[in-house]
Each structure stands twice: as structure tokens, then as C-alpha cells.
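In: What shape does this take:
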Amino acid sequence: MSRPKVWITRLIPEKGLDLVRDFADTEVWEDELPPPREVILEKVQGKDGLLPLLTDKIDAEVMDAAGPQLKVISNYAVGYDNIDVPTATKRGIMVTNTPGVLTDTTADLAWALLMAAARRIVEGDKYVRAGKWKTWGPRLMLGQDVHHATLGIIGLGRIGSAVAKRARGFAMRILYYDPEPREELAREVGAELVDLDTLLAESDFITVHTPLTGETRHLLDAEAFRKMKRTAIVVNSARGPIINTEDLYAALKNGEILAAGLDVTDPEPIPPEHPLLTLDNVVIVPHVGSASVQTRTRMATMAAENLIAALRGERPPNLVNPEVLSCL
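Out: Numbering: from 1, shown residues only. All right, here's what the predicted structure looks like:
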């Protein structure tokens, strides 16, 4: 019996690669940068399964190029806005993701950004390396207290609630905005549901943990920044386009808000000549929310297990579109 054919769009941790290679005839794109569009359209041809990253757009054109035998798209990510899920469902293609495993790791990173922005860690490091540190001073590198401050969480899902749990250790007042009430979860983490305007107006720190949708694109724009405290610090470890980048730059430059910490940007990666990078009051890291050895390895095994289960004709552990099962 012939083995299924699989294409993986980037090198993932070895444990996941080994699982796929033991089960299927596997091709892997080994460059550090994402495969160009024309390469994707070429490499997917005749494949039974795809294992893409969130940087790879998997739409109807890609599915057409793959052919009718394509059974599964196993995303190496929690989010799946890079995949046209409705089209995949209509074609009987299972779509999977890697939820849960990166919750705490990403929450840790959100807190690292929050603390770094609040206490000017990166700015201070640059100051020392530039030889500017001459003495202790009562006004040197003054930042903002985190303890007893008000934290506003946009999106109280897995990651948002993990961030809230950490906030309790700082004795923070926790507000959240979410179209879903999530009352039980809110009680568990001690968060208060408010409307978005209230959250923007009352929060000292605002952290974004909502999916990217038509409704959340540019949710934080010039109007939103004007509603915030001038001492507010904004953190985004969800998706870059949830924040209007140009409006964020203007708000930071003009002192409408105090600072920002970003794991994601729009565009991504952010060009080195982008004006946002000229500001000292923003900390930007290269989308590393889940970037721990343990978490990325577990993501790889989950993506591999999802892929293999689907190719065996089984229900994958993390199926995004369960309605597809009625089409099979």
C-alpha cells in the first residue's frame, strides 16, 4: 500500500518531523523564510496532507493546485486565519490547529512585554550599552508601577485568562471586554466584564488576546487611543492587524499613550525603516509568543498527530471544522 504524500512548509522541531516522516512520504521547505507563492502552488500538487505555518496563505487556489485527494491541512499554530476554512469544509478537507499547548508560554511573553514597557527595560539596556550611565539618579529611567494598577484584557479566552491569573499576583484590578460573557471563567480569574469604551478609559495596561476577524481588524485605532489614559501601555501578542500601526505610531509619538509592547505587527515582519522603530517607548519582538523549546516541540507533535490521524481516516484531536465530517 502506498504511503500518503505530505508537504511541510518549514522545518519544525525534529520530534514532529520524525512522526510525519515515519508515516508519510514527506517533503519539507528548509529555508528560513516562508516559501514563495509559486513554490506553494507547485509543492502542494498531488499531496494528501499539508502542514503549513500561519505565514502561509492556504486558499482556494492552493487547494485547486493540490488536487481532490487533499484530505487535511494541519496548521502549526493556534490561529488559522491563514486558511480559507469554509472552502476547505466544502471540499471535505479537514483543518486542524494546535490549541492549548502555547497558552501559558504566550501569557508569559505578554507579561514580559508589559513589564519591559512599564519599566523601560529595553531602553535602559540601550542606555547602559551606549555608555550613558554615569550615576544613580532620582529621576533616571522612571517607569510605571504594575502592582495595584488596572489591567484591561481584550479577549478573555485561554491566553487572556492566563494573563489574568498572573495579574492577581500583582494585586491588579482586572477588566475585560469580550463579545462572549465568559462568566464562569471571569469569576475564576477575578475579572470584571465591561464595554470596550470603559476598558479603554480606565485601564493602565491594555493587552490584546482576541482572534483577528473582520470585527477586530483595527479595533485599536486613533479613536481608541484617544479614549485611553495618557499613561496607558498597550500590549499585543495576538495578531498585528488588530492594531492600526500608523495610528499607534502617532499615539506614541504625540504622547496620547505612554508605551507599547508588541509581539506582532502589521505588516509582519515590520520593515527596518518603519517609523515605529524610531521610538524608544515601544518594545517589539519577532512574534515569539510560543517560542520556548518545550512549547514549540509540543506544537510540532500536535500538528503531526493531527495530520496523521486525518490521513488514517480518523477524527484528528484538534479539528477546527467538525462539520466537515458529514461531508466525508
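In: For stretch 40-50, which residues meet the burial criterion?
Out: Applying a neighbour-count criterion of 16 or more other CB atoms under 10 Å, the buried positions in stretch 40-50 are 40, 43-44, 47-50. The way it works is simple: take the backbone N, C-alpha and C, and place the C-beta from them, glycine included.
In: Relative to P267, which of the residues you listed is nearest.
Out: Ranking the buried residues of stretch 40-50 by separation from P267, with CB to CB as the measure, puts I40 on top at 19.1 Å.
In: thinking the closest one is in contact with E27, fair?
Out: No - in this structure I40 lies outside contact range of E27 using CB atoms under 8 Å: 11.9 Å.
In: Next, give me the two most distant ones among the buried residues of stretch 40-50.
Out: The largest separation in these, counting by CB to CB, is between I40 and D48 at 16.0 Å.
In: picking up where we left off before, among the buried residues of stretch 40-50, which are in helices?
Out: Restricting the buried residues of stretch 40-50 to those inside helices, with DSSP state H as the criterion, leaves 40, 43.
In: ok, the buried residues of stretch 40-50 vs T301, which is closest?
Out: Checking the buried residues of stretch 40-50 against T301 with CB to CB, the nearest one is G49 at 15.5 Å.
In: Pretty sure the closest one sits against L70.
Out: Yes - using CB under 8 Å, G49 is in contact with L70, at 7.4 Å.
In: show me where the stretch 51-200 of the chain has helices.
Out: Per DSSP state H, counting those that start in this stretch, the stretch 51-200 of the chain has helices spanning 60-66, 85-90, 103-118, 121-129, 158-168, 183-189, 196-202. These are given in chain order.
In: Which of those sits closest to D263?
Out: Using CB to CB, the nearest of the helices of the stretch 51-200 of the chain to D263 is helix 103-118, at 6.0 Å.
In: circling back to that earlier point, need the helices of the stretch 51-200 of the chain in TSV (columns: distance to R21 and mean neighbour count).
Out: As requested, these are exported to TSV (distance: least, CB to CB, whole Å; neighbours: other CB atoms under 10 Å):
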stretch	distance to R21	mean neighbour count
helix 60-66	20	18
helix 85-90	24	17
helix 103-118	26	22
helix 121-129	40	14
helix 158-168	30	22
helix 183-189	39	14
helix 196-202	47	17
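In: Turn the ones you listed into JSON lines, including mean pLDDT.
Out: Formatted as JSON lines, the helices of the stretch 51-200 of the chain follow (pLDDT from 0 to 100):
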{"stretch": "helix 60-66", "mean pLDDT": "98"}
{"stretch": "helix 85-90", "mean pLDDT": "97"}
{"stretch": "helix 103-118", "mean pLDDT": "97"}
{"stretch": "helix 121-129", "mean pLDDT": "97"}
{"stretch": "helix 158-168", "mean pLDDT": "97"}
{"stretch": "helix 183-189", "mean pLDDT": "96"}
{"stretch": "helix 196-202", "mean pLDDT": "98"}
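In: Same list, those, but as CSV with distance to S2 please.
Out: Below are the helices of the stretch 51-200 of the chain laid out as CSV (distance: least, CB to CB, whole Å):
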stretch, distance to S2
helix 60-66, 17
helix 85-90, 24
helix 103-118, 38
helix 121-129, 53
helix 158-168, 39
helix 183-189, 47
helix 196-202, 54
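In: So for W7, which of those helices sits nearest?
Out: The stretch from the helices of the stretch 51-200 of the chain with the least distance to W7 (CB to CB) is helix 60-66; that distance is 8.8 Å.
In: Which residues does that closest one contact?
Out: Contacts with helix 60-66, where a contact means CB atoms under 8 Å, 6 or more residues apart in numbering, come from 40-42, 44-47, 50, 70, 84, 87-88, 91, 93.
In: Walk me through the domains of this protein.
Out: According to automatic domain parsing, the chain is divided into the following domains: 5-101+293-327, 103-284.
In: picking that back up, which one among the contacts of helix 60-66 gets closest to T213?
Out: When the contacts of helix 60-66 are compared for distance to T213 (CB to CB), D84 wins out at 14.2 Å.
In: for the closest one, what are its contacts?
Out: Contacts of D84 (CB under 8 Å, 6+ apart): 58-60, 63.
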